[in-house]
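*Asks:* just the structure for this:
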Amino acid sequence: MMSNLFSVFDPSASTINMSLNWMSTFIGLLIIPTIYWMTPSRKSIFWKNITMTLHKEFSVLIGPTGHAGSTLLFITLFSFILFNNFMGLFPYIFTSSSHLMFTLSLSMPLWLSFMMYGWINHTKHMFAHLVPQGTPSVLMPFMVCIETISNIIRPGTLAVRLAANMIAGHLLMTLLGNTGPSLPSSLITLLIIGQIALLVLESAVAIIQSYVFAVLTTLYSSEVN
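*Replies:* Just a heads-up that it's a prediction; the model follows:
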C-alpha cells in the first residue's frame, strides 16, 4: 500500500529492512558476460548495429577536432541511461533515472570536466563563446551574462529534463492504475488498453530521453574544442 503517490520514487524505501532500490542499476552487470561469447547472438548483432550508428552520429557532432575514441564515452552513457529507463518500466522496480541523485551524478561531473578542459586548454575559444558573432557592442555585456548563466545551468537542465520525463509518465500510469478498483467492469477494458498505450509511450520516452541526454552532452563537449 502506497502511503504517498510519490513513494514509488523514494529510494529510501526498504524491503525486509534492506534498501534494495538502487540494485536495479547494477543488474546490467549480469548480462555483460554474454557480450564475450564466441558465437554472436541476434541480440549482440542488433546492439552492435545500434552502437555503430550512434558512433557515426556522435562523430559528426564532435567534429574533426574531437579526440579519437571519445564517442565511446557517449555511447556508454546512452546505454547506461537506456538500461535504467527500461528497468523502471517493470513492476515493483525503482526507476533510478527518475531521481535527481542519479541524473545529477551523470551530468555534473561531465559538465565540470568539459568546462575545466575548455578553460584551461582553450581559454580564448571559451571567451569567444560568451559573445555570439555579430552581437552589437551595446548588447555585449548582457550577452555575456546570458551565456554565462546558460552555461552554469546546463547540468541542472540535463538532470531535471531526464528525471521529470521519467517521473511524469510513471505518475500517470500510477494514477490510472489506482483508479482500477473503483471503476465498473465495463470500463476496465478501456483502462487496460490505456495502460498498454502508456507503456508503449513510456518505452519510446525511455529511448528518446537517453538519446537526448547523450546528444546534448556530445554537443557540450564539442563546444570546448
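
*Asks:* in contact with residue 71, which residues?
*Replies:* 54-55, 58-59, 62, 218 (C-beta atoms under 8 Å, 6 or more residues apart in numbering). C-beta here means a position set from N, CA and C on the backbone, and glycine is covered the same way.

*Asks:* which non-adjacent residue is nearest residue 154?
*Replies:* Counting by C-beta to C-beta, 6 or more residues apart in numbering, the nearest residue to residue 154 once its immediate chain neighbours are dropped is residue 111, at 5.6 Å.

*Asks:* give me the helices and strands touching the strand or helix carrying that neighbour, please.
*Replies:* Under the assignment given by DSSP states H and E, the secondary-structure element containing residue 111 is helix 100-121. Using 3 or more C-beta pairs under 8 Å, 6 or more residues apart in numbering; DSSP states H and E as the contact criterion, the secondary-structure elements in contact with helix 100-121 are helix 71-87, helix 123-129, helix 154-178, helix 185-222.

*Asks:* of these, which shows the lowest average pLDDT?
*Replies:* Within the helices and strands packed on helix 100-121, the stretch with the lowest mean pLDDT is helix 123-129, showing a mean of 80.

*Asks:* who's in contact with the helix holding residue 111?
*Replies:* For helix 100-121, contacts defined as C-beta under 8 Å, 6+ apart pick out 11, 25, 77, 80-81, 84, 96-97, 125-126, 151, 154-156, 158-160, 162-163, 213, 217, 220-221, 223-224.

*Asks:* and if we set it to 6 Å?
*Replies:* Here helix 100-121 makes contact (C-beta atoms under 6 Å, 6 or more residues apart in numbering) with 96, 126, 154-155, 158-159, 162-163, 217, 220-221, 224.

*Asks:* so residue 39: helix, strand or coil?
*Replies:* Using DSSP: H, G, I helix; E, B strand; the rest coil, the secondary structure recorded for residue 39 is coil.

*Asks:* for it, what are phi and psi?
*Replies:* Reported as degrees, to the nearest 10, the phi and psi values for residue 39 are phi -90, psi 110.

*Asks:* next one: it, what pLDDT does it get?
*Replies:* Here, the pLDDT recorded for residue 39 equals 72.

*Asks:* can you pull the buried residues of stretch 56-63?
*Replies:* Residues of stretch 56-63 classed as buried: 57-58, 61-62 (neighbour count, 16 or more other C-beta atoms under 10 Å).

*Asks:* that should have said stretch 144-155, apologies.
*Replies:* If you call a residue buried by 16+ other C-beta under 10 Å, then stretch 144-155 has these buried ones: 151, 154-155.

*Asks:* cool, stretch 201-212 as well?
*Replies:* For stretch 201-212, the neighbour count (16+ other C-beta under 10 Å) marks 202, 205-206, 209-210, 212 as buried.

*Asks:* chain center to stretch 64-81, what's the gap?
*Replies:* 14 Å (C-alpha atoms, centre = their mean, to the nearest Å).

*Asks:* repeat that for stretch 179-196.
*Replies:* Using C-alpha atoms, centre = their mean, we find the averaged C-alpha position of stretch 179-196 to lie 31 Å away from the chain's own average C-alpha position.

*Asks:* ok so, going back, mind checking which of the contacts of residue 71 are in helices?
*Replies:* By the criterion of DSSP state H, membership of the contacts of residue 71 in helices covers 54-55, 58-59, 62, 218.
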